Every structure is written in structure tokens, then in C-alpha cells.
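Student: Here is my input, please return the structure:
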Amino acid sequence: EEALHIFNLSAVGKVDCNTITFNAAISVCEKQGVWEIALQLLRVMVQSKVEKNTVTFGAAISACEKGNRWEQALQLFRAMAQESVECNTITCNAAISAYERGGKWEHALQVIREMTPGSVECNAVSFNAAISACANEGKWKHAMWLLSAMAQRDVEWDTITFSAAISACEKASLWEKAMQL
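Tutor: Below you'll find the predicted structure:
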């Protein structure tokens, strides 16, 4: 509440806030799980004509995703493109996780497909969230495709990868496939 008050003072010119200070405050909101205040700070940025950047959006998307507000997280992810703000691995991972929470496995796969070497790199977190999104919706073939995509992109599997892939097989009653992993 106090942080929001300070940033509201910036709107009336009493405190000089810039992108860096707003990003720091939104990051605190993410870590504290207060997505509502993160979104309020974004509105104050717009009102104050303070430029938003990749860090701004990444922190706000993560705050919403962690607060189970996947729809708001995805609105922010789409707003990045509309405002010509570059995505990075962190913002893409947050979006994939939001799609996972929202049961939107197809969209999670689309983000993975758009994350190409040389632009935005996928990492284990990216793939693990997408595999979990597929597993949650019973899309085991897509989960297995993601495993092969990890190998093609030289992304190492970890415990979470195996767990999500096994879960996808289990939900499809494919215990033999799970044992092959």
C-alpha cells in the first residue's frame, strides 16, 4: 500500500519515478503475490507517461500468473506485441505458465514454436511448463513432441521434465510409454 502511495505521488510530480523504479516496485509485487497492486502500478505508469519495457511486462505477467490471474497475464503478454516491446525468455516462460494454468495448451505450444534459436531461447522452464500444459489436458502426444523438441534444441531434461512427461503418459493410461522415459 505504501509503495502504491509513493507511486501515486509521482503522478502529481512530487516524486520522480521512472521505468527502473516502477519495475522495482512491480517486481516486489510479484514476489509478494500482490498482482492487483502490480496492475495498479502499470496504470500509474500509463497515466504518468512512463515507458514500459520487457522487465515491466515480465514482472507484471509473473505477478498475475502467480496470483492465478492467467487471463490478465495473457492480456499483458499480448499488449507487449501491441506496444512493440520485445519478449525475452522470462516473459515467454511466464506466458507459457499462464497458458498452463488456463488450460490453453495449444497457446503454450505456439509460444514454444515462436521461441526460436537466435531470437528468444527456450530453456527447461519453457518446455516443462508446456509439457505440463499438455499433460494437464491429456495431450500426451504433444508432450512427447516437446520432449523431442528439447533434444533438437539441446535443452537438457531435468526432474520436472520427467515428472511432467510421466504425468502425461499416466493420464493417457500409457504406463509402458512412461516406463520408457
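Student: what about the helices in this structure?
Tutor: For the chain, helices defined by DSSP state H occupy the ranges 2-11, 19-32, 35-47, 54-66, 70-82, 89-101, 105-114, 124-136, 140-152, 159-171, 175-180.
Student: want to try TSV for those helices, with mean pLDDT and mean neighbour count as columns?
Tutor: Bear in mind the C-beta positions are built from the backbone N, C-alpha and C, glycine included. Converted to TSV, the helices of the chain look like this (pLDDT from 0 to 100; neighbours: other Cβ atoms under 10 Å):
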stretch	mean pLDDT	mean neighbour count
helix 2-11	54	15
helix 19-32	90	19
helix 35-47	90	19
helix 54-66	92	26
helix 70-82	90	18
helix 89-101	92	25
helix 105-114	92	19
helix 124-136	94	26
helix 140-152	92	18
helix 159-171	85	19
helix 175-180	61	12
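Student: give the contact list for the closest residue to residue 80 other than its chain neighbours.
Tutor: The shortest distance from residue 80 to any non-neighbouring residue, by Cβ to Cβ, 6 or more residues apart in numbering, is to residue 57 (5.0 Å). For residue 57, the contacting residues are 76, 77, 79, 80, 85, 91, by Cβ atoms under 8 Å, 6 or more residues apart in numbering.
Student: Which pair of the residues you listed spans the longest distance?
Tutor: Across these, no pair lies farther apart than 79 and 91, at 11.1 Å, counting by Cβ to Cβ.
Student: Next, name the residue at the spatial heart of the chain.
Tutor: By Cα atoms, centre = their mean, the chain has its centre lying nearest to residue 94, at 0.8 Å.
Student: How about it: what's its closest non-neighbour residue?
Tutor: On the basis of Cβ to Cβ, 6+ apart, the spatially nearest residue to residue 94 that is not a chain neighbour turns out to be residue 61, at 4.2 Å.
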